[in-house]
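1. Can you look at this prediction? I've put the sequence above it.
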Amino acid sequence: MFTGLVAELGTVRGLKRVQSSYHLTVAAKKVLDNLKIGDSVAVNGVCLTVVVLGSGEFTADVMPETVRLTNLRDLRSGDRVNLERTLRLIDGLDGHIVSGHVEGIGVISKCRQDGIANVVTVKTPPELMRYILHKGSIAIDGISLTVTEVTDDTFSVSLIPHTSKETTLGFKTVGDEVNLETDIIGKYVEQLLRFDNKKAKTNTTSVLSKATLFENGFV
């Protein structure tokens, strides 16, 4: 579990393709503190497992499912990436609940200044728009942000100067792809409602009986 609060910007040292997967090596500083093989690190919002530790860097495997659903496949040596270690029980939850399971890719369609803020608009796949709401939470490349505007196929977020400076969104431009993870709560609610509706449709046996009437005070 993550919070969407980026710890630092790492630098890609290599992305080696192995059949349909990749070995991703990232140079970092802060996230390497007490990092062990087997630990998880969010890279641009993607939860990856550390498989190799080197001097000032770590390497993680990127499996085919992750290659298909995220922008990690397009990384090049020298690219900057958002990094975050997993949430510990003693840490404060200052962002929102982020699983690191990216659901799809959005494309930046507009960037504009609004006072000190940089407003970024992202064109989003229709299957994800249903989970995005005004003033709701969204993770873009692993950054916890608040949705400020929603249309039929886009949403916008407003970045303070600190966020622009310390994350990849500060140097992304129109046409760039970003990883998206919607709020996990809405997805679970939807699944529960879908399951209950399906169960109700298949359950044709009446639950009304003399026993249930008696139990509820009817004699």
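-> Okay, I see it.
2. Now for the nearest residue in space to His23 that is not next to it in sequence, which secondary structure element holds it?
-> Excluding the flanking residues, the one nearest His23 by CB to CB, 6 or more residues apart in numbering is Lys16, at 4.5 Å. Backbone N, C-alpha and C define where each C-beta goes, glycine included. For Lys16, the host element (DSSP states H and E) is strand 8-18.
3. helices or strands up against that strand?
-> strand 21-27, strand 80-85 (3 or more CB pairs under 8 Å, 6 or more residues apart in numbering; DSSP states H and E).
4. Please identify the most buried of the ones you listed.
-> Across these, the average number of neighbours (mean count of other CB atoms under 10 Å) peaks for strand 80-85, which reaches a mean of 23.
5. list the buried ones in whatever helix or strand comes next after that strand?
-> Counting by DSSP H and E, the next helix or strand C-terminal to strand 80-85 is strand 104-114. By 16 or more other CB atoms under 10 Å, the buried positions in strand 104-114 come out as 105-106, 108, 111.
6. Likewise for stretch 143-153?
-> 143-145, 147-148, 150.
7. Export those residues to TSV and append columns for distance to Arg194.
-> Below are the buried residues of stretch 143-153 laid out as TSV (distance: CB to CB, whole Å):
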residue	distance to Arg194
Ile143	30
Ser144	27
Leu145	28
Val147	24
Thr148	29
Val150	23
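8. between the residues you listed, which is nearest Tyr22?
-> Nearest to Tyr22 out of the buried residues of stretch 143-153 is Ile143 (CB to CB; 22.4 Å).
9. Beta-bridge partners for the closest one, please?
-> Beta bridges link Ile143 to Ile140 when assigned by DSSP bridges.
10. In this structure it contacts Asn82, no?
-> Yes. Using CB atoms under 8 Å, Ile143 is in contact with Asn82, at 6.3 Å.
11. shared neighbours, these two?
-> The contact sets of Ile143 and Asn82 overlap at 6, 45, 167-168 (CB atoms under 8 Å, 6 or more residues apart in numbering).
12. Just the ones in strands from the residues you listed, please.
-> Assignment to strands by DSSP state E places none of these there.
13. any idea which of those residues has the most stuff around it?
-> Neighbour counts for the shared contacts of Ile143 and Asn82 (other CB atoms under 10 Å) peak at Gly45, which has 30 neighbours.
14. Is that residue in contact with Glu181, as I believe?
-> Yes. Under the criterion of CB under 8 Å, Gly45 makes contact with Glu181 at 5.9 Å.
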